[in-house]
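A.B. asks: using only what follows, build the 3D model:
(chains A and B)
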Amino acid sequence: MPTRVLVPSGVLGLGFDREALARGVKMKPDIICIDGGSTDSGPYSLGTSTSKYSRAACKSEWRDLMKARDTLKVPLLISSCGTCGTDDMVDWMFDITQELAVELEQSLKVALLYSEQTKTTIIDKMDAQQCHALQPEIPLDANTVNACTHIVALAGAEQIQQALTLNADIILTGRATDTAVISALPIMRGDHVGASWHGAKIAECGALCSNQPISGVIMLDVDTTGFTVKPLAANAKCTPHSVHAHMLYENSDPHLLHEPGGTLDVTNAKYTQADERSVSVTGSKWIKSDRYTVKLEAAVKAGFQYTVMAILRNAHYVANAQLWLDKLSAVLANEITNSMQLSEEHYSLEFRLVGIDSVMGALENKTANPVEVGVLGIITAQSESQGEEIAKLINPFLLHYPLSDNESLPTFAFPYSPAHSRRGELFNFCMNHTMELTEPMDVFRIVTKQAGSHVES
Amino acid sequence: MSRAKGEILRDLVFEVRSKNAGPFWVTVDVFCGEPTAYARANQLLSAERVAKLYQLPLDTLKRFELPELYVLKFSFPRPVIQGSRFDRDMHGAQYSELLSELTLDVN
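C.D. replies: Numbers count the residues shown, from 1 in each chain, chains lettered A, B, ... in the order given. Got it, this is the predicted structure:
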């Protein structure tokens, strides 16, 4: 049975074209799907189990999607709630849903699909040789697992399909692959499996596969032979090139996409212009794997950070910034050892010269003469108080350190007071592994709740 | 075709972009736009030359030719894991600048 999927945007919180959404509603989709997460902004969200996007932005957009769902009476799904898709973030999304259900006077059945993993689950799987390292291989042992603040498994289509069978109005999903929330229903209704996954990959970033990337809203039609994608903003247009090229985006292999239970192979896909703005695709292939695996993501604590910033404007110092910094760094290492009895393996103090090579580091191959140079110092310490001590200790040197002994004391620009900023805890992504499951639901859990005005909250 | 001295890849192609492909990989896409530029870029951007630019062991660099899109694609493990202490570019989106500025003179 052909399936029509409305994708309002690449992620909740990024905004979308409201007129295009209204156009999408008129086209009577079978389901509305949006992603809520990504690892794109780094490990902090997963480390702390917090959303990268503002609650107000998410709520404002979710309100429009809940209204659209109420008009259509079709399921509304969000995956990877709150950026990282932890259990807390699924509950956070439920709280937003509950507030809106009351405000909009809707009475709803909500399914919550949880993806977070216990340390015991992971260690048991490791012991059973059912955790497999991906490339590049990151060493993983029980100590690392025990030091994680949060571990999530990425759900695939199967877990979302399980939630769909409950006939909920809204499904809030923990961490899932970007595509699974979109591919789940078409596959369940017997549409072409390769086309369902390929269409999902093309649609998962919303209108990024069109000539108007920030307009958001996309309609995906999947049937038993292929899929068609149509952007819904006025003047937005997909071309075979723009759709095909999207397969490259954030994907290390342009032909293959690994998902729980198999791999999408688009090597022989054919892209054709279906009408003025839509593109149809056939020839996508799904290769089922022998084992059912889900990918893991985990964050581990990696110390506490402070930053300091000084700016050199004096032309002599700008021209000799690297030399100045090399001398200063040696002095500071000495001062920290002497005053704090702290050796260099217990902390790090790294300076980056903004205007010289702060982005590329050792890879930089270009030189130029900047007007000014920002000296960004990043302190990573084992405790917050130690980090603050280092920041305060280096402060006067960073402000006044002279290139030579026989010159009057220079004073550089500190842009604010205090000159140091507390960055809080640092986290590292520490797993690049998959985990083998006997049944897709083995490590995922679904709970249903009522939301709405009649519910005491 | 005549060209100015010091011409770089950016002058030849339509777009060079890079982005993380998950926390452990970076991928760089070179959109050449048309067949002549693609043929030329394909010849210039050998795996060896790109690996050297990013200071990578050659066997860690994946190189893809997509003639139907006039695209060359390079993927490699991030030199530092995304968001770890020494990462300088959270989204990996500036790696493309090095390739973009690669001189078209092979020597």
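A.B. asks: C-alpha from now on. contacts and neighbour counts both.
C.D. replies: Fine.
A.B. asks: spell out which parts of the stretch 201-350 of chain A neighbour chain B.
C.D. replies: Residues of the stretch 201-350 of chain A found near chain B (C-alpha under 8 Å from any C-alpha of the partner chain) are A:241, A:244-245, A:248-254.
A.B. asks: go again with 7 Å.
C.D. replies: Residues of the stretch 201-350 of chain A lying close to chain B by C-alpha under 7 Å from any C-alpha of the partner chain are A:241, A:250-252.
A.B. asks: tell me the contacts of the residue of chain B found nearest chain A?
C.D. replies: Relative to chain A, the nearest point of chain B is residue B:21 (4.3 Å; C-alpha to the nearest C-alpha). Contact partners of residue B:21, counting by C-alpha atoms under 7 Å, 6 or more residues apart in numbering or on different chains, are A:250-252, B:27.
A.B. asks: and residue A:169, by the same measure?
C.D. replies: A:74-76, A:108-110 are the contacts of residue A:169 under C-alpha under 7 Å, 6+ apart.
A.B. asks: just the closest of the residues you listed to chain B, please.
C.D. replies: Nearest to chain B, judged by C-alpha to the nearest C-alpha, of the contacts of residue A:169 is residue A:76 at 26.5 Å.
A.B. asks: in the sheet, who's paired with the closest one?
C.D. replies: Judged by DSSP bridges, the bridge partners of residue A:76 are residue A:32, residue A:170.
A.B. asks: neighbours around it, how many?
C.D. replies: Counted with other C-alpha atoms under 10 Å in any protein chain shown, the neighbours of residue A:76 add up to 24.
A.B. asks: in chain A, which spans are helices?
C.D. replies: Secondary structure of chain A (DSSP state H): helices at A:18-26, A:44-48, A:55-72, A:87-103, A:119-127, A:142-147, A:157-164, A:180-188, A:193-203, A:240-246, A:315-319, A:321-340, A:384-400.
A.B. asks: and chain B, by the same measure?
C.D. replies: Assignment of helices within chain B using DSSP H yields the ranges B:9-12, B:35-44, B:47-53, B:95-100.
A.B. asks: could you dump those helices to TSV with distance to residue A:170, mean pLDDT and mean neighbour count?
C.D. replies: Formatted as TSV, those follow (distance: least, C-alpha to C-alpha, whole Å; pLDDT from 0 to 100; neighbours: other C-alpha atoms under 10 Å in any protein chain shown):
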stretch	distance to residue A:170	mean pLDDT	mean neighbour count
helix B:9-12	47	96	19
helix B:35-44	47	97	16
helix B:47-53	47	98	16
helix B:95-100	40	98	19
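A.B. asks: and of those helices, who's closest to residue A:100?
C.D. replies: Shortest distance between residue A:100 and the helices of chain B, using C-alpha to C-alpha, is found for helix B:95-100: 42.0 Å.
A.B. asks: just how off-centre is that closest one within its chain?
C.D. replies: 6 Å (C-alpha atoms, centre = their mean, to the nearest Å).
A.B. asks: and it, is it in reach of chain A?
C.D. replies: No. Helix B:95-100 stays clear of chain A (C-alpha under 7 Å from any C-alpha), getting no nearer than 7.7 Å.
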